[in-house]
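**Student:** can you look at this prediction? I've put the sequence above it.
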Amino acid sequence: MEALLSQFTFLSDQALQDKNFDPSAMEDLMKLFELESYKAWAAMELEHEEQVKQTEITMQEAEDYLDSVMETAMDEFRRFEEETERDSKDELDGLEDAADKTRKMGNLMEKGAMIASKLYVEAAMKSATAAMKSAFKGLSTNKVHPS
């Protein structure tokens, strides 16, 4: 392009100084400018397409990397979820066992309290019966209790 500009300058000077200057030389030079412009445009278009291809490749690599990272994160999340599920199940099983043992202990304590209550009532009845018998004996013998 620099050479064409230099040639244009030369022909312009010649056209100003020479009265017999042939304008077809200038037209030929303009055609060369046009061809050079098309070549530059085609080269830029080719470079642009190459950059688009490179950008698409880079985008695909970024998408692949993102997919890989997301898959790794999802795998880690699944493992965490499974571990949490196992821990929760173990804790629930432990709580159910503790509740079952507590219920059994409560039933045993209830039975023990019932037996103790029956024994207490029986002892109270025997004590009351003995006191009544003693009181009737005292009445029949006419003895008075010292208290």
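**Tutor:** It's in. Numbering: from 1, shown residues only.
**Student:** what helices or strands is the helix or strand where residue 114 lies leaning on?
**Tutor:** Here residue 114 sits within helix 23-141, counting by DSSP states H and E. Contacts defined by 3 or more Cβ pairs under 8 Å, 6 or more residues apart in numbering; DSSP states H and E place helix 23-141 against helix 2-17. (Glycine included, C-beta is placed from N, CA and C.)
**Student:** now find how far off-centre the helix it packs on is within its chain.
**Tutor:** Relative to its parent chain, helix 2-17 has a centroid offset of 71 Å by Cα atoms, centre = their mean, to the nearest Å.
**Student:** list the buried residues for that helix?
**Tutor:** 7, 11 (16 or more other Cβ atoms under 10 Å).
**Student:** I'd like to know which elements it is packed against.
**Tutor:** So helix 2-17, by 3+ Cβ pairs under 8 Å, 6+ apart, packs with helix 23-141.
**Student:** contact partners for residue 67?
**Tutor:** Shown in contact with residue 67 (Cβ atoms under 8 Å, 6 or more residues apart in numbering): no residues.
**Student:** show the pLDDT at residue 80.
**Tutor:** At residue 80, the model reports a pLDDT of 97.
**Student:** what is the neighbour count of it?
**Tutor:** 10 (other Cβ atoms under 10 Å).
**Student:** again, but for residue 113
**Tutor:** 10.
**Student:** what's in contact with the helix or strand of the chain with the lowest mean pLDDT?
**Tutor:** Scoring the helices and strands of the chain by mean pLDDT, DSSP states H and E places helix 2-17 at the bottom, with a mean of 78. Identification of contacts with helix 2-17 by Cβ under 8 Å, 6+ apart yields 21, 23, 25, 26, 29, 32, 33, 36.
**Student:** before we move on, back to that, now do the helix holding residue 114 and helix 2-17, the angle between them.
**Tutor:** Helix 23-141 and helix 2-17 meet at an angle of 140 degrees, taking axes from the mean of the first three to the mean of the last three Cα atoms, to 10 degrees as the criterion.
**Student:** in this protein, which residue is most central in space?
**Tutor:** With distances taken as Cα atoms, centre = their mean, the residue of the chain nearest its centroid is residue 77 (6.3 Å).
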